[in-house]
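Asker: After the sequence you'll find the predicted model.
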Amino acid sequence: MTPPGKKNNIIKNNIPGDSYFAEEKGIKILHLQGEPREMGYQHGYLMADKIDLMVNRTLLATAAYVAQQTGSDLEAAEEMLWTGQREAQRHLPAEFREEMEGIAEGAGAAGSDVTLEQILLWNTNYDQWCIYCHPHYWQCPGSGPGAGQGMDQGRGRGSDRGGGQSGPQVTPTPGGGCSSFCAWDEWAGGDGRLIFGKNEDNFNMPEQLNNRMMVVADPDDGFGHMFMTYPGMIGLDGGFNEEGLEMMTQLNSMQQESMAGCGIAIFTRLLLTHARTVEDATWIFREHPRCAGIAYHVAEARARKAAVVETSAAMVCVRRPMPGVSALWQTNHSNCYPGWMGYSGYNMVADQQPVNELRDISTAEKWQDSLKDPYNFFVQAPSRFERYGQLIHQHYGKITPENAVKILCDCYDPYTRATRPRDFPSWTNNILCTICALYPDFAYRAREPVGEFKAHIANMWSMVAYPESGDFWLAIKDFPAQYGGYEHFNLKELLGRLR
């Protein structure tokens, strides 16, 4: 580990680069700079031992999750993951393929035996997690003999299974996902700067809690930016860039899904590297094939504009703020329903209805009533969407960083009108599901050396930011992360250390 202000000069095959990995204020930060392969090499070299843990421990846990979700054995689940990776690989933008190649090269130079194929698989981890939250809607075009590879060796294992279509009907484990909001002008208060807040919720799979990290990236071709991720992964759930563009990813399950497209890690980096405006971001989504259903919350701080771009393998739809409302929020269910909150366009809710098993969406009122079914195990915590609306109106004109933190830490469920106790998990996806999420433990069995383990969903990291000035406050030291407090950083200052 290199102290703050120091850098490691790495040169491999005429690929130079300045980087360093440090821990500041109890938060792990990886600083990268250069061309894609350079940044990947730096990443792999500095994080080699931790990348080994992700590949040889965490990926085994993902296979255990997929096996349980689909009613499959572990070997079949691993084959499903490899099939998905092979489909996604065909759609990788060249710059990110090069970055992943660099990660494998750098890790190898540092003594790791991790393969490029394993890095490619690890970078599809959360796209596949999103698909296997509801395993019955993935039609994998790459399934068939020879589609799978051994997770540990990267060698072919023929399989005639793919996409979880052959397994029994399985009730998914409860879990919300993620949420975000932004506000500006008189709604935010003060000088009216756009303020952005986000929670990323997911499982505490083996080795992940201790390896959560911030990445500060300064690409030669593109904008400097920050995002949160894990070692070996080139992106995850968004962040913001030096142009003041912020983005966030949220599970938004749809019936048209396939791994034959780009996922959340790729879109995170495409937008943060190349987008300056909401229009830039929307164009990127339309120009690239997409896999799992995801809602992307995008805002440009300088122009004080925001939108939620709901995507699936088939569609891209844009929801903007309601007239007269300088705020926008999103959780894990579609809100692109014609006539709802000022939206007009394609009905994405219709594509979500069978996945979330909503009873009736024939009218907006019946759709909203269907979302509130307390024993629906497929719908993803829609009570949080209603609670965000309440809190944003409650804090109208004074959404300061302090009040933004209060919003992200909120534990009140408007459906049951009860507050979730600090260490008491939600009962179902719709009982005591709160903005500060905490769900029950579930037991899994993975291949050795992981074996039996328990995992549950809670907040991995939480952030409040003023993207225009670069100031942000990050919680990442506990689980739920909010419990560990928020630390202040400034993106422009962090980028300045690399320049």
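Answerer: Great, that's in hand. Predicted model only: the values in this text are computed from it and were never measured. Residues are numbered from 1 along each chain as shown.
Asker: Next, the contact list for Glu101, please.
Answerer: Arg37, Gly40, Leu116 (Cβ atoms under 8 Å, 6 or more residues apart in numbering). For the C-beta atoms, the positions are set from N, CA and C on the backbone; glycine is no exception.
Asker: And the pLDDT at the last one?
Answerer: Confidence per residue is given as pLDDT, and for Leu116 that number is 98.
Asker: nearest residue to it other than its sequence neighbours?
Answerer: Computed as Cβ to Cβ, 6 or more residues apart in numbering, the closest residue to Leu116 that is not its neighbour in sequence is Ala104, at 4.1 Å.
Asker: that older thread, which of the contacts of Glu101 has the most neighbours?
Answerer: Within these, neighbour counts (other Cβ atoms under 10 Å) peak at Gly40, which reaches 30 neighbours.
Asker: doesn't Glu105 make contact with that one?
Answerer: Yes: with contact taken as Cβ atoms under 8 Å, Gly40 and Glu105 are classed as touching, separated by 7.4 Å.
Asker: how about the contacts of Glu101 in TSV, adding secondary structure and distance to Gly176?
Answerer: What follows is the contacts of Glu101, written out as TSV (DSSP: H, G, I helix; E, B strand; the rest coil; distance: Cβ to Cβ, whole Å):
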residue	secondary structure	distance to Gly176
Arg37	helix	37
Gly40	helix	32
Leu116	helix	34
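Asker: Can you list the low-confidence ranges for the chain?
Answerer: Within the chain, the set of residues satisfying pLDDT under 70 comprises 1-17, 139-175.
Asker: Pick out the residue nearest the middle of it.
Answerer: Using Cα atoms, centre = their mean, the residue of the chain that lies closest to the mean C-alpha position is Asp237, 3.1 Å off.
Asker: Now that residue: phi and psi?
Answerer: Main-chain torsions, Asp237, degrees, to the nearest 10: phi -120, psi 30.
Asker: Can you get me a residue count around Cys409?
Answerer: A total of 19 residues lie near Cys409 under the criterion other Cβ under 10 Å.
Asker: is it true that it touches Cys436?
Answerer: Yes: judged on Cβ under 8 Å, Cys409 makes contact with Cys436 at a distance of 5.0 Å.
Asker: anything in contact with each of the two?
Answerer: Overlap of the contact sets of Cys409 and Cys436 (by Cβ under 8 Å, 6+ apart) consists of Gln482.
Asker: ok, and the closest non-adjacent residue to Ala183?
Answerer: Leaving aside its chain neighbours, Ala183 sits nearest to Ala327 (4.1 Å; criterion: Cβ to Cβ, 6+ apart).
Asker: so who does the one you found touch?
Answerer: When the contact criterion is Cβ under 8 Å, 6+ apart, the partners of Ala327 are Phe181, Cys182, Ala183, Trp184, Trp187, Ala188, Pro321, Ile392, Ile399.
Asker: and the closest residue to Arg319 other than its chain neighbours, what element?
Answerer: Once its chain neighbours are removed from consideration, Arg319 has its nearest residue in Val308; the separation is 4.6 Å (Cβ to Cβ, 6+ apart). Taking DSSP states H and E as the definition, Val308 sits inside strand 305-311.
Asker: go on, Lys198?
Answerer: Using DSSP H and E, the element containing Lys198 is strand 195-203.
Asker: Report the inter-axis angle for that strand versus strand 305-311.
Answerer: 30 degrees (axes from the mean of the first three to the mean of the last three Cα atoms, to 10 degrees).
Asker: Quick check: what element follows strand 195-203 along the chain?
Answerer: Toward the C-terminal end, the helix or strand that comes next after strand 195-203 (DSSP H and E) is strand 213-219.
Asker: what separates the helix or strand that that following strand is followed by from the chain centre, distance-wise?
Answerer: Once the chain leaves strand 213-219, the next helix or strand it forms, by DSSP H and E, is strand 225-229. Shown here is strand 225-229, whose average C-alpha point lies 11 Å from the average C-alpha point of the whole chain (Cα atoms, centre = their mean, to the nearest Å).
Asker: thinking again about what came up before, got phi/psi on the residue nearest to Leu116?
Answerer: Summarising the backbone geometry of Ala104 under the convention degrees, to the nearest 10, its torsions are phi -60, psi -40.
Asker: what does Val298 give?
Answerer: The phi/psi pair for Val298 (degrees, to the nearest 10) reads phi -130, psi 140.
Asker: Please report the distance of it from Asn459.
Answerer: Distance, Val298 to Asn459, using Cβ to Cβ, to the nearest Å: 21 Å.
Asker: before we move on, what about Glu487?
Answerer: Note on Glu487: its distance to Asn459, by Cβ to Cβ, is 15 Å.
Asker: For these two, work out which one has more neighbours and name it.
Answerer: Higher neighbour count among Glu487 and Asn459: Asn459, with 27 against 15, using other Cβ under 10 Å.
Asker: Setting aside sequence neighbours, what's the nearest residue to that one?
Answerer: With Cβ to Cβ, 6+ apart as the measure, Pro480 is the residue that lies nearest to Asn459, at 4.0 Å, once sequence neighbours are left out.
Asker: Now do the same contact list for that neighbour.
Answerer: Applying Cβ under 8 Å, 6+ apart, one finds that Pro480 lies in contact with Cys436, Ala437, Leu438, Ala458, Asn459, Ser462.
Asker: what helix or strand is the last one on?
Answerer: Taking DSSP H and E as the definition, one finds Ser462 inside strand 457-466.
Asker: Give me the next element, helix or strand, following that strand.
Answerer: Reading on from strand 457-466 to the C-terminus, the next helix or strand found by DSSP H and E is strand 471-475.
Asker: contacts for that following strand?
Answerer: Counting contacts by Cβ under 8 Å, 6+ apart, the residues touching strand 471-475 from outside are 27, 214, 226, 240, 401, 405, 459, 461-466, 481-482, 484-491.
Asker: before we move on, the earlier item: how much space between the residue nearest to Ala183 and Gly40?
Answerer: As judged by Cβ to Cβ, Ala327 and Gly40 stand 38 Å apart.
Asker: what's the answer for Leu270, then?
Answerer: From Leu270 over to Gly40 the distance is 16 Å, taken as Cβ to Cβ.
Asker: Nearest residue to Arg276 in space, please, no chain neighbours.
Answerer: Leaving aside its sequence neighbours, Arg276 is closest to Glu243 (4.7 Å, by Cβ to Cβ, 6+ apart).
Asker: Alright, I will stop here.
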